[in-house]
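S.K.: Quick check, what structure comes out for this input:
(one chain, ligands or ions: 2)
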Amino acid sequence: MSNNINLGSSIPVPSVKELVAQPLAAVPEQYLRDVAGDCPTGDPSLLQVPVIDMTKLLSPMFHELEVQKLHDACKHWGIFQLIGHEVYDESVKSMHNKSQEFFNMSPDEKKLYAQQPGSLEGYGQAFVISEDQKLEWCDMIFLKSIPAHTRKLQFWPKQQPHNFREALDTYSNNMRKIAVSIIGFIAMALGLDAKRFSEAFEGGSYDVRMNCYPPCPEPKRVIGISSHADISAITLLTDCGDIPGLQVLKNGQWVFVEPIANGVVVNIGIIMEVVSNGIYKAPYHRASVNREKDRFSIVTFCYPDTKFEVKPAEQLINSDSTALYKSLTYDEYTQSFYDRVKLSDDGIPFIDTLKI
Ligand SMILES: O=C(O)CCC(=O)C(=O)O
Ligand SMILES: [Fe+2]
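M.R.: Ligands and ions are numbered 1, 2, ... in the order given. I've put the predicted structure just below:
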C-alpha cells in the first residue's frame, strides 16, 4: 500500500483486557450480538480444513498431486494449513512471546503506542466508525512492516517488550518468504506464471496485526472479530498456542481451524479472488472467543508490489469465461476499500463493488 492513501481512522474504545481485569458483573451491551440468525457450527469430524505440505510441493515425486490438492483447497475452501515450510519455529515462537508480553503490559505502557487520528496503525481496535457500533472482543496492534520505509516506528514497542522490533523484523521477513513461495504455487495451480507472482510478492507489502482475545464470561454472545473476507492477496496466520478460535464459513457452517504445531494458516484474500476471476474465493472467516483464557494470533496481510494490477488474469478470460471483476490499479483498489470503510455500513460486501 503506498503512503499517500488516506486510511481513515478509528474511534478509541476501551481495551478488552482492561475490561476483564475488573470483576465483570455482565458483558457490556455494546459487545452483545444478536445470534439468532447465525450459521451453525459444523461437526469437526466431518469438515476439516485442508492441509498442504510445502515439502511435497517442492518434491519432484509429489509435486503434481500436491498442486492439485492446493488448487482444490483454494477453490473449495479458500483456506488451508501449510506445513513443511522452512521457517524456523524458534523465530515464530519468539514473535509470539513478544506479542503476548506486549498485551500483558500495563494499560499506560501500551497506550504509548495507541492509534492516532488519521492512522490505523498502532494499538487499539480496528475500524470503529460510530459510537453505537457493536464492538469486538479483541485488542490488537496493527503495524506495517515491509517495505521497511513504510514502518511508522512511533507505534513499534521500543524498550518493552525487549527486542520486540527485532522479532517483528525477523517474523515479517519470514512470512514474506512463505508468501513468495506459496503464491508461486497458487499461481501455478491457476495455470499462471509462478515467477511473475513470486516477484511481485518479493517486492510486496506486509502488514502485521497481532490480536489478543481475552477470556469472556459469555463467549457465545460476543465475537472476537466478526465475519469478514480479507482485502489482502493472501493472509498468513499463526496461532500463539493451541486454543482454537478462527472459524471459516464452509457450506453455510462455521468450521474451526484447529491450530497445528508449526503450521501457518493461509487464506485467499480479495485480490486473489479477483485475479483468479472468482475461481478462488476469499472466504468469510471470524474469530470466536472462549471462557477460559487469552487467545493470541498474529496475522500477516500480504500484498503484491504497487505495480501489480488488481484484475482478472488475462489467461483466465476466454469465450467461455468473461471477466467478472473490474480492473483497478493497486492504489485505486486500496483507496476504494478505505473509502467504503469511512461510509457507514450499507450492507454491500466490498467484493460485490468490484464485480462487473
Ligand atoms: O485471529 C484470528 O483467528 C482471525 C484474525 C483475522 O481474521 C484478521 O485479523 O483479519
Ligand atoms: Fe481476517
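S.K.: Can you give the distance of the host helix or strand of residue 187 from its chain's centre?
M.R.: Residue 187 belongs to helix 164-189 when assigned by DSSP states H and E. Computed by C-alpha atoms, centre = their mean, to the nearest Å, the separation of helix 164-189 from the middle of its chain amounts to 13 Å.
S.K.: which residues sit against the helix or strand following that helix?
M.R.: Downstream of helix 164-189, the first helix or strand assigned by DSSP H and E is helix 194-202. By C-beta atoms under 8 Å, 6 or more residues apart in numbering, the residues outside helix 194-202 that reach it are 176, 179-181, 183-188, 233, 302, 304-305, 307-308. Bear in mind the C-beta positions are built from the backbone N, C-alpha and C, glycine included.
S.K.: touching ligand 1 at all, the lowest-mean-pLDDT helix or strand in the chain?
M.R.: Lowest on mean pLDDT, DSSP states H and E among the helices and strands of the chain sits helix 330-342, with a mean of 86. No: using C-beta under 6 Å from any ligand atom, helix 330-342 stays clear of ligand 1, with a minimum separation of 13.3 Å.
S.K.: report the angle between the axes of that helix and helix 194-202?
M.R.: Angle of helix 330-342 versus helix 194-202, following axes from the mean of the first three to the mean of the last three C-alpha atoms, to 10 degrees, is 60 degrees.
S.K.: Summarise which helices and strands helix 330-342 is packed against.
M.R.: Counting contacts by 3 or more C-beta pairs under 8 Å, 6 or more residues apart in numbering; DSSP states H and E, helix 330-342 packs against helix 350-353.
S.K.: got the contact list for the helix it packs on?
M.R.: Outside helix 350-353, the residues touching it (C-beta under 8 Å, 6+ apart) are 229, 231, 270, 273, 282, 336, 337, 340.
S.K.: tell me which element the fifth one falls in.
M.R.: Pointing back at residue 282 there. Here residue 282, judged by DSSP H and E, is contained in no helix and no strand.
S.K.: From residue 227, how far off is it?
M.R.: Counting by C-beta to C-beta, to the nearest Å, the separation of residue 282 from residue 227 is 12 Å.
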